[in-house]
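Asker: sequence-free structure coming up:
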């Protein structure tokens with residue numbers, strides 16, 4: 001199994017510890033991981049802002065860097081969703097199709113490719129799960145409350161096996177945090193209110209930590225938590241799954 005590791009922009013620039021945790025976790029699970037040094041942004045920010053065709057160069061570069069791998073793994077539901085669903089902006093060559101079919105968000109890869117639930121982690125805290133929109137409603141990493149389906153959560157399945165972790169139940173467990181990429185810039189007031197509501201839901205239900213599959217959402221929430229001096233820690237799921245207390 002040849003696995004290529006993609007590290008999204010937010011993590012590369014602002015949260016390198018999440019990238020390191022992802023690599024260490026995969027290596028603990030005996031996965032041979034390669035980080036292609038020529039990788040850049042996947043093109044999602046341009047596409048989300050309405051400039052999809054300006055992402056063509058980034059899309060082609062992504063394919064060129066990852067076309068030789070059996071799987072491409074990334075600690076981001078939104079980037080994985082973008083590659084899977086929006087790389088139709090470039091010609092659908094065999095390489096492009098292969099890349100799109102073999103991109104996985106980290107939790108999805110661990111559960112459904114490696115077939116592992118217990119990664120040997122220990123994290124003795126009360127954890128609230130924020131279900132990021134692209135992962136939830138795009139990649140179906142969990143069940144949506146508006147759909148009549150059997151309830152499931154990939155991130156929840158993995159956290160259930162982490163020693164000492166107590167998953168807290170939220171009142172509105174699959175609501176958007178308000179980040180939404182450039183939405184947080186163009187609709188700042190609404191974005192902030194949505195983020196504050198998510199944070200309050202976690203506090204009301206006794207969470208000590210908020211986790212998610214997307215650092216972008218967590219960055220938005222961390223900014224609000226820090227600004228308002230609230231007693232919550234913000235950690236990407238890779239950091240928790242790589243923890244040993």
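Answerer: Right, received. Where do you want to start? Since this is a predicted model, take the numbers as computed values, not measurements.

Asker: how about the helices in this structure?
Answerer: Secondary structure of the chain (DSSP state H): helices at 9-14, 16-28, 44-48, 56-66, 77-86, 94-101, 106-112, 133, 154-160, 183-186, 188-204, 215-227, 237-241.

Asker: which of these has the lowest average pLDDT?
Answerer: Mean pLDDT values for these show the minimum at helix 183-186, a mean of 82.

Asker: and the helices of the chain as CSV, adding mean neighbour count?
Answerer: The C-beta positions use only the backbone N, C-alpha and C, and glycine is treated the same way. Converted to CSV, these look like this (neighbours: other CB atoms under 10 Å):
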stretch, mean neighbour count
helix 9-14, 16
helix 16-28, 19
helix 44-48, 20
helix 56-66, 19
helix 77-86, 24
helix 94-101, 15
helix 106-112, 21
helix 133, 20
helix 154-160, 20
helix 183-186, 14
helix 188-204, 17
helix 215-227, 20
helix 237-241, 25
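
Asker: which non-adjacent residue is nearest residue 131?
Answerer: Spatially, and ignoring its direct neighbours in sequence, residue 131 is nearest to residue 174 (4.6 Å; CB to CB, 6 or more residues apart in numbering).

Asker: Tell me the gap between stretch 37-44 and the middle of its chain.
Answerer: 16 Å (CA atoms, centre = their mean, to the nearest Å).

Asker: Determine how far the last residue of stretch 22-42 lies from the first.
Answerer: With CA to CA, to the nearest Å as the measure, stretch 22-42 spans 18 Å from end to end.

Asker: And for stretch 117-135?
Answerer: OK, stretch 117-135 end separation, CA to CA: 19 Å.
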